[in-house]
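> Provide a 3D model corresponding to the input given below.
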Amino acid sequence: MKSDRSLLEAALVGYQAQLAEIQQAMLNIRGMLGEKPAVAAASSKPARRKMSAAGRRRIAAAQKKRWADYNKRKAAGEKA
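Modelled structure (predicted):
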């Protein structure tokens, strides 16, 4: 059984190498035909922008200030 498993693993590695070669050949042929690579179509979504920690802190502080103002006005309205 042990030799069967190692034989299957070796076969899998070989097939993966062949698959990579075939995919590269297909990519080259598509390039000769003038087709765009499929990868470019899949990655057409724009990259997400990253926000710095300082930016997140500023937004959080502004939100806390807005909520404090809201709660202050709400409390003042309840007392009147």
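> use CA for all of it now, contacts and neighbours both
OK.
> M51: which element?
For M51, there is no host helix or strand (DSSP states H and E).
> Tally up the residues packed near N28, please.
14 (other Cα atoms under 10 Å).
> Ramachandran angles for it?
Per-residue torsions, N28: phi -60, psi -40 (degrees, to the nearest 10).
> I'd like the next helix or strand past the helix or strand of the chain at the bottom of the mean pLDDT ranking.
Least confident helix or strand, the chain: helix 38-42 with a mean of 55, by mean pLDDT, DSSP states H and E. Next helix or strand after helix 38-42 toward the C-terminus (DSSP H and E): helix 53-79.
> According to the record, where do the domains of this protein fall?
Using automatic domain parsing, the domain ranges for the chain come out as 1-42, 52-80.
> Which one of those domains has the poorest average confidence?
Lowest mean pLDDT of those: domain 1-42, a mean of 83.
> what's the distance between that domain and the middle of its chain?
Distance of domain 1-42 from its chain centroid, counting by Cα atoms, centre = their mean, to the nearest Å, is 23 Å.
> Please work out how many residues are found near R30.
14.
> Name the helix or strand for it, please.
Assigned by DSSP H and E, R30 falls in helix 2-33.
> Buried residues, that helix. List them.
Residues L27 are the ones in helix 2-33 that count as buried (16 or more other Cα atoms under 10 Å).
> Counting by contacts, list what that helix packs against.
Counting contacts by 3 or more Cα pairs under 8 Å, 6 or more residues apart in numbering; DSSP states H and E, helix 2-33 is packed against no other helix or strand.
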